[in-house]
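Q: Attaching a predicted model along with its sequence, questions to come.
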Amino acid sequence: MPPEPAGIKVVLSRRHDVRAILEHTWLKRRLLAQVRDNSASWATASDLPVPGVLVGVDGRLVIARRFVSTLVDLYGPAQLVDDGPLSSLPSSVTNLIKSAIHRAFLQSDVIRPLEKEASLALEEFEAVASTISTTWPNPQARPELLRSLSITGERLRAALAALPEGIVIP
Amino acid sequence: MEIFYSAVGDKLPGRRHELPLSGSAEAWFWIVHAGSRVAEFFDDDPRANVCLANGGAIFFLSSGRYGGLESEAKALDVERAHGGRVYCLRAACTKTSTVVHDRVESFLKIVAGLNAWNPVPWQEVEPPAAHENLLALYLMLKALEFMTEQERNNVLSAWSAMPELWKKDLLDAAEQEYRHMHCDTTLKLPISPDLSLESRRKTLEVVTGF
């Protein structure tokens, strides 16, 4: 994984575990590893049913889509205002603080480029994954399907790996 | 660093490393990446029980929390079953977890000086809890920089109206956390209780990293 972008301060949060689950547990350790290790045998077996790791892609993509669509809020520091001692201030004041710290976060422009790449990578992977059930019965088309899954899956993995590990402090 | 780098991340579950402990030829400090098989590890590797029976200890870490287990409750179950000689790292230890790396590295230096059966200071291996008061102060000061004058006045008025004890507790706790963060008990935060402009700016200059 690439190192944390220079100068970014983060507060670790359990809500960000899903990033590691998608990037490391699902894509790197399971999907990409199995596609890499089994491509040759899968491509030549004529009556092979769709492997379990590929059947499960749809469910993982639901989680990935939900995660990517909420990146700005998930990584934004405004949520910390309600969790700490500032929550004792009147709500009208904490709302002012949350709005201003969110502006500072957006102005730092840490997440937007990463969100854009994650979103594009996810769309690309979704497009390939959506053809699995129709392409798989044709063994001649499988090598290209597996190659595309590998390429787009790796792009998605890299995009997730590039995200910070926790809430970004501007 | 390499000692635990090779036990996490890309490597296969089941990797372990041994550090010898003085006082017994059969006592080691094991650093283990067992994937999700922490509970089964003692059946998978019979030498684990030999290690513990001779005053050794076993430290599970993983790229997930709780040494690879699902929850803190499960980690506590495993730890209690082995009388404090086993520990599951609560923090995730990935290649980019530099805060965790630093703590583990410091912890292993302590371990290197232990004898068999010595209590293991597991509390030293977890990263410090988030500095919530210092963070809250930082967020408020940073937010003030991004407000209109009217908004800023509203926030400062609200701060002024808060109980003196609440403000003192927050600022004192933030200063303690600032000292702890930099391992220097003499440090002072330049913030003034009335959040004067100059003190806000000086504080923002010195408070970095969480």
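A: Yes, it's here. These figures come from a predicted structure and were not determined experimentally.
Q: how about low-confidence regions in chain A?
A: In the predicted model of chain A, residues A:1-8, A:14 satisfy pLDDT under 70.
Q: who touches residue 84 in this structure?
A: No chain was given, so I picked chain A. B:132-133, B:135-136, B:139 (Cβ atoms under 8 Å, 6 or more residues apart in numbering or on different chains). (Each C-beta comes from the backbone N, C-alpha and C, glycine too.)
Q: The intended chain is chain B.
A: B:119-120, B:122.
Q: Tell me which helix or strand it sits in.
A: If you go by DSSP states H and E, residue B:84 is not part of any helix or strand.
Q: For the contacts of residue B:84, which entry has the maximal number of neighbours?
A: For the contacts of residue B:84, the largest neighbour count, defined by other Cβ atoms under 10 Å in any protein chain shown, is 22 neighbours, found at residue B:120.
Q: quick one, phi psi at the nearest residue to that residue once chain neighbours are set aside?
A: Distances taken as Cβ to Cβ, 6 or more residues apart in numbering or on different chains place residue B:57 nearest to residue B:120, at 4.8 Å, with adjacent residues excluded. The phi and psi values for residue B:57, taken as degrees, to the nearest 10, are phi -150, psi 160.
Q: and residue B:205, how many residues sit next to it?
A: Counted with other Cβ under 10 Å, residue B:205 comes out at 9.
Q: name the element it belongs to?
A: According to DSSP H and E, residue B:205 maps onto helix B:197-206.
Q: distance from the centroid: which residue in chain B tops it?
A: residue B:150 (39.9 Å; Cα atoms, centre = their mean).
Q: List the buried residues for the helix or strand in which it is found?
A: In the assignment (DSSP H and E), residue B:150 maps to helix B:149-161. When neighbours are counted by 16 or more other Cβ atoms under 10 Å in any protein chain shown, the buried residues of helix B:149-161 are found to be B:151-152, B:154-156, B:158-159.
Q: Excluding sequence neighbours, find me the nearest residue to residue A:27.
A: Take residue A:27 and drop its neighbours on the chain: the residue closest to it by Cβ to Cβ, 6+ apart is residue A:157, 4.1 Å away.
Q: Is it correct that the one you found falls within a strand?
A: No: Residue A:157: not assigned to a strand; according to DSSP: H, G, I helix; E, B strand; the rest coil it is helix.
Q: That one: neighbour count?
A: Count around residue A:157 with other Cβ under 10 Å applied: 21.
Q: again, but for the one 5 residues further on
A: Residues near residue A:162, counting by other Cβ under 10 Å, number 17.
Q: Which pLDDT value belongs to the residue nearest to residue B:120?
A: pLDDT for residue B:57: 95.
Q: Now do the same contact list for the residue farthest from the centre of chain B.
A: So residue B:150 contacts nothing (Cβ under 8 Å, 6+ apart).
Q: Quick one: residues contacting the residue at the greatest distance from the centre of chain A.
A: Residue farthest from the centre of chain A, counting by Cα atoms, centre = their mean, is residue A:90 at 36.0 Å. Residue A:90 sits next to residue B:158 when contact means Cβ under 8 Å, 6+ apart.
Q: Where does the prediction get shaky in chain B?
A: If you take pLDDT under 70 as the line, chain B has these spans: B:1-14, B:94-99, B:127-130, B:209-210.
Q: What is the longest helix along it packed up against?
A: In chain B, taking DSSP state H as the definition, the longest helix is helix B:164-182. Judged by 3 or more Cβ pairs under 8 Å, 6 or more residues apart in numbering or on different chains; DSSP states H and E, helix B:164-182 is in contact with helix B:132-145.
Q: Report whether the helix it packs on contacts chain A.
A: Yes: judged by Cβ under 8 Å from any Cβ of the partner chain, helix B:132-145 and chain A are in contact via B:132-133, B:135-136, B:138-140, B:142-145.
Q: follow-up on the earlier one: what bridges to the residue nearest to residue B:120?
A: residue B:29 (DSSP bridges).
Q: one step back: give me the buried subset of the residues of helix B:132-145 next to chain A.
A: Buried among the residues of helix B:132-145 next to chain A by 16+ other Cβ under 10 Å: B:132-133, B:135-136, B:138-140, B:142-144.
Q: returning to what we had before: what inclination does the longest helix of chain B have with respect to helix B:132-145?
A: 100 degrees (axes from the mean of the first three to the mean of the last three Cα atoms, to 10 degrees).
Q: who's in contact with helix B:164-182?
A: A:85, A:88, B:128, B:131-134, B:136-137, B:159, B:185-189, B:191, B:193, B:206-207, B:209.
Q: in stretch B:47-65, what counts as buried?
A: B:48, B:51-52, B:54-65.
Q: So which of the residues you listed sit within strands?
A: Of the buried residues of stretch B:47-65, the ones assigned to strands by DSSP state E are B:57-60.
Q: and of these, the nearest to residue B:33?
A: Among these, residue B:60 lies closest to residue B:33 (Cβ to Cβ), at 7.5 Å.
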